[in-house]
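[1] Here is a sequence together with a model predicted from it:
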There are 2 protein chains.
Amino acid sequence: MEVTIESALAEHSPIGVPRADLEELDAAVRSAAERIATGREQDEHGYAALNLPDETDPEPIEAAVESVTPAENWLTIGIGGSALGAATITEALDGDGATYSLDNVDPAAIEALLADIDLSETAMNVVSRSGRTAETLANFLVVREAMETAGVEWTERTVVTTGESGPLATLADRHDLPTLTVPEGVPGRFSALSAVGLAAAAFQGLDLEAILAGGRQAEASLADSLFESPAYAYGATMYALEARGANVAAMMPYAESLEAFAEWFAQLWAESLGKDGRGQTPARALGATDQHSQLQLYRAGPKDKVVTLVRPRERPSVPIPETDQDAIDYLGGSDLRALIDAEFDATEASLRKAGVPAIRIEIDALDPAGIGELLYTMEAACIMAGELAGVDTFTQPAVEWGKDTARALLRGEQTLETVDGLSVRTGPESQ
Amino acid sequence: MEVTIESALAEHSPIGVPRADLEELDAAVRSAAERIATGREQDEHGYAALNLPDETDPEPIEAAVESVTPAENWLTIGIGGSALGAATITEALDGDGATYSLDNVDPAAIEALLADIDLSETAMNVVSRSGRTAETLANFLVVREAMETAGVEWTERTVVTTGESGPLATLADRHDLPTLTVPEGVPGRFSALSAVGLAAAAFQGLDLEAILAGGRQAEASLADSLFESPAYAYGATMYALEARGANVAAMMPYAESLEAFAEWFAQLWAESLGKDGRGQTPARALGATDQHSQLQLYRAGPKDKVVTLVRPRERPSVPIPETDQDAIDYLGGSDLRALIDAEFDATEASLRKAGVPAIRIEIDALDPAGIGELLYTMEAACIMAGELAGVDTFTQPAVEWGKDTARALLRGEQTLETVDGLSVRTGPESQ
């Protein structure tokens, strides 16, 4: 993996980091790296996530999955950090078998899914650390009943992933379900390299050991200087850019199979660093597609962004056939991989020309090791950015009020003052 | 449709619009509405898009689609505005038959798609106004060759959607392909309610007339006051919020099938309004899922956002089965639609409590009329915001340099100075 921050320096962008400031930034990185190392040694909450590549054992994950399969379909029933890691890994690596995330409570979507799949060929993984997540439990209850109605013995098709206690642990115990543990001290959004993120990958027959080895490769390259550690180079540069006005963090992988990665990153970055009145807003983009959507804004809009461009160095070859049409003859005889890489290079150069800071991340390949390395690197980068910003990286206090309120609304214990007032309606009845 | 801007007022948010300023804003809306009306009357470039619901004739679209079907699969080969409208409509309404967008040039993705679908059961729609879009032409050449290799007569399976002249028009002429026209004066991102956006919907057997009738419903509610027009209420409020510091426009529909709509909106907003150093950054979100991802940031991060919450008023019923587990018993006997609506209400209230401006958009249902109305409303809102900001809403000059450069790179006419310099690598070779 290589992280290139050159285009994020002040000599290329008015909001870039002055090269002369990097030494001072690196002194802060050194202290933060020490704090992180101590946290890891003592398995402190959050920091413990960076030990996962050493501590996750693929064997029980594979055994749990085996005990409820073979099956054609795998449903991960979870939300947020309980779903995004699994989706990111399986979408990036695309092994055998269909995987789905039930990570919303949209009745139309679940109705369509249940009509679409063969429940007798479906296994599910219910994931919630607390065992109380409303969306997850509601979806589980619905799918369980659908299985019962279809004559499928759900207890033979369900893996539970949860903490030591709680309603899901009780349920698993009562029905003797195979159970995986959400590791202690690891917040959901940092749990991709644990049973939480890896069970769906095991279903797809992916090489969990290779994913973890990729994580260990990234772990081995943590160092106490941004000049020596790709993860800390990324985290520290993002921190410094935010301080200089880059309030938007656009994440733009040039690979369709990394779309879910961009969503995973958006959660990691927003929920970890969005607090105390600060935090960059992640904007998920996709290259080359979003050159025809977001690039106009990135180049000509406010100078309040940093764009992270991600690509694999290896891609399959898909030759573009020759054509006798003059206007497009330059395409013929080329290859889609040459085209997408030309677009990547041109976009990077065009951002630089417009003075928009950009960071390039290149992984060797979209293979298990590459994904393990990428996920670990971004987690470590996020923790570094959080240390430098002095925020409490591992909590998400601002979402509790809404959760409590939704629960109280459903219980009928509370009503909300309706947000009405100024509204405008279509049609003959409009005021 | 109802647009509620109450929570975007200054009495609820430090960056909200003072109620006292609305009259002044409305005077500007009046002038802008007149300018828009004149542009429409004279079919001026861009403004002409707002005439589409009256001018689009479903019949030739349906005839062109019929001439290359029946088929199981429909590939829209286009990028940006040539693909997003079709994707938005088909994903929202989910008719019969599988539709795909080939809107990127990722060799891994196209390889996977071609391996996955039966080409003898596939029709394609190649969409490019100029007929020269590199990504679109490259994908077309690849798919055409794959069809030839599979023994499929591609000329019987291809609809071309393009402008009056150009390489695609020439090709269609030479091979006598059914051809649809990208309407004059309508930029790609405003073309959802033309043949560009509607061919895929016709393939799915959706009611084009009803989609257009929804557009006409929105058209009929344009007025020269923000107090009387949902579209102009939205556009003017967004403009006023940006002026007060809302640099991020989060678009958060509470419906899985509106994910593509959020992408369509992101293109519409970014490419139309992101110029002259201004323009909000669209952040695509999805309710309720992203409450567990982005809400922490929205509530506790910088006060630089407006969140648009969209929902349909009708949803199917999916009852949540009863459970004897105490901790979650409040869910049992409820319904997923009550749960997602409780989460919507709680999120809206929680944003208001945190002083984050929010706008609520409610459509009657996720049906053809509802989608037509929603798309038209957002287009008119965008044009209003552009008028108020004084930008050239219908152009995208900042993307040309990158396009030219990518083309020159592929032609071998140019090399780029590599963006290297400061980079950090993983592994033993890291510097």
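    Perfect, thanks for sending it. Numbering: from 1, shown residues only, chains lettered A, B, ... in the order given.

[2] thought residue A:235 was touching residue A:384?
    Yes. Between residue A:235 and residue A:384 there is a contact under C-beta atoms under 8 Å: 3.2 Å. (Glycine included, C-beta is placed from N, CA and C.)

[3] Which single residue in the stretch 1-150 of chain A comes nearest to chain B?
    Residue of the stretch 1-150 of chain A nearest chain B, by C-beta to the nearest C-beta: residue A:80 (2.8 Å).

[4] Distance of the closest residue in space to residue A:160 that isn't next to it in sequence relative to residue A:400?
    Nearest non-adjacent residue to residue A:160, counting by C-beta to C-beta, 6 or more residues apart in numbering or on different chains: residue A:172, 4.1 Å away. According to C-beta to C-beta, to the nearest Å, residue A:172 stands 26 Å off from residue A:400.

[5] Give me the more crowded residue out of these two.
    residue A:172 (22 against 12; other C-beta atoms under 10 Å in any protein chain shown).

[6] Check which helices and strands the helix or strand where that one lies sits against.
    For residue A:172, the host element (DSSP states H and E) is helix A:167-175. Helices and strands touching helix A:167-175, by 3 or more C-beta pairs under 8 Å, 6 or more residues apart in numbering or on different chains; DSSP states H and E, are strand A:158-162.

[7] Report all helices and strands that the strand it packs on contacts.
    helix A:58-67, strand A:122-128, helix A:167-175, strand A:179-181, helix A:195-203.

[8] any chance of the ones you listed in a markdown table, plus mean pLDDT?
    Shown next, in a markdown table, are those (pLDDT from 0 to 100):
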| stretch | mean pLDDT |
| --- | --- |
| helix A:58-67 | 98 |
| strand A:122-128 | 98 |
| helix A:167-175 | 95 |
| strand A:179-181 | 97 |
| helix A:195-203 | 98 |
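
[9] I'd guessed residue A:182 sits against residue A:161; true?
    Yes. Contact criterion C-beta under 8 Å: residue A:182 and residue A:161 qualify, at 6.2 Å.

[10] Find residues that contact each of those two.
    Common contacts of residue A:182 and residue A:161 (C-beta atoms under 8 Å, 6 or more residues apart in numbering or on different chains): A:127, A:195-196.

[11] Grab the CA positions of whichever helix in chain A runs longest and hand them over as CSV.
    If each helix of chain A is counted by residues according to DSSP state H, the longest one is helix A:368-389. C-alpha atoms of helix A:368-389 as CSV (Å, rounded to 0.1, in the frame of the first residue of the first chain):
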residue,chain,number,x,y,z
PRO,A,368,-8.2,-10.6,0.7
ALA,A,369,-4.8,-9.2,1.9
GLY,A,370,-5.4,-5.9,0.1
ILE,A,371,-8.8,-5.4,1.8
GLY,A,372,-7.5,-6.4,5.2
GLU,A,373,-4.7,-3.9,4.8
LEU,A,374,-7.0,-1.1,3.6
LEU,A,375,-9.5,-1.5,6.4
TYR,A,376,-6.9,-1.6,9.2
THR,A,377,-5.1,1.3,7.7
MET,A,378,-8.2,3.5,7.7
GLU,A,379,-9.1,2.5,11.3
ALA,A,380,-5.6,3.4,12.5
ALA,A,381,-5.8,6.6,10.5
CYS,A,382,-9.1,7.5,12.1
ILE,A,383,-7.8,6.8,15.6
MET,A,384,-4.7,9.0,14.8
ALA,A,385,-7.0,11.8,13.6
GLY,A,386,-9.1,11.5,16.7
GLU,A,387,-6.0,11.7,19.0
LEU,A,388,-4.7,14.8,17.2
ALA,A,389,-8.1,16.4,17.4
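
[12] Any part of it near chain B?
    Yes. Judged by C-beta under 8 Å from any C-beta of the partner chain, helix A:368-389 comes into contact with chain B through A:373, A:377.

[13] and the angle for that helix with helix A:195-203?
    Angle, helix A:368-389 to helix A:195-203, by axes from the mean of the first three to the mean of the last three C-alpha atoms, to 10 degrees: 170 degrees.

[14] elements contacting helix A:368-389?
    On the basis of 3+ C-beta pairs under 8 Å, 6+ apart, helix A:368-389 makes packing contacts with helix A:22-41, helix A:84-93, helix A:208-220, helix A:230-243, helix A:259-273, strand A:358-363.

[15] What residues of the following helix or strand past the first one count as buried?
    Beyond helix A:22-41 on the C-terminal side, the first helix or strand identified by DSSP H and E is helix A:52-55. By neighbour count, with 16 or more other C-beta atoms under 10 Å in any protein chain shown as the criterion, the buried positions of helix A:52-55 are A:52-53.

[16] which other helices and strands contact helix A:52-55?
    Against helix A:52-55 (3+ C-beta pairs under 8 Å, 6+ apart) you get helix A:208-220.

[17] Quick check: which helices or strands does the helix it packs on pack against?
    Judged by 3+ C-beta pairs under 8 Å, 6+ apart, the packing partners of helix A:208-220 are helix A:52-55, helix A:58-67, helix A:195-203, helix A:368-389.

[18] pLDDT on that helix, on average?
    Mean per-residue pLDDT for helix A:208-220: 98.

[19] buried residues in it?
    Of all the residues in helix A:208-220, those buried under the rule 16+ other C-beta under 10 Å are A:208-212, A:214-219.

[20] likewise stretch A:399-414?
    Residues A:399, A:401-403, A:405-410 are the ones in stretch A:399-414 that count as buried (16+ other C-beta under 10 Å).

[21] got it, and stretch A:11-24?
    By 16+ other C-beta under 10 Å, the buried positions in stretch A:11-24 come out as A:12-13, A:15-17, A:22.

[22] With stretch A:354-366 instead?
    Buried residues in stretch A:354-366, counted by 16+ other C-beta under 10 Å: A:354, A:356-364, A:366.

[23] Turn those residues into TSV, including distance to chain B and pLDDT.
    Output for these, formatted as TSV (distance: C-beta to the nearest C-beta, whole Å; pLDDT from 0 to 100):
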residue	distance to chain B	pLDDT
A:354	7	96
A:356	10	98
A:357	12	98
A:358	8	97
A:359	10	97
A:360	7	97
A:361	10	97
A:362	9	97
A:363	9	96
A:364	9	96
A:366	7	97
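
[24] how close does the most centrally placed residue in chain A get to residue A:218?
    In chain A, the centroid-proximal residue (C-alpha atoms, centre = their mean) is residue A:264; its distance is 1.3 Å. Distance, residue A:264 to residue A:218, using C-beta to C-beta: 15 Å.

[25] Chain B contacts on the stretch 101-250 of chain A?
    For the stretch 101-250 of chain A, the residues in contact with chain B (C-beta under 8 Å from any C-beta) are A:103-112, A:131-132, A:134-135, A:137-139, A:141-142, A:144-145, A:166-167, A:170-171, A:217-218, A:220-221, A:226-230, A:233, A:247-248, A:250.

[26] Low-confidence regions, the stretch 251-400 of chain A specifically.
    Within the stretch 251-400 of chain A, not a single segment meets pLDDT under 70.

[27] hmm, 80 instead?
    The stretch 251-400 of chain A contains residues with pLDDT under 80 at A:324-327.

[28] follow-up on the earlier one: the buried residues of stretch A:399-414 also near chain B: which ones?
    Counting by C-beta under 8 Å from any C-beta, A:399, A:401-403, A:405-407, A:409-410 from the buried residues of stretch A:399-414 sit close to chain B.

[29] Can you give me the domain boundaries for chain A?
    Following automatic domain parsing, chain A resolves into domains at A:2-38+A:212-389, A:50-206.
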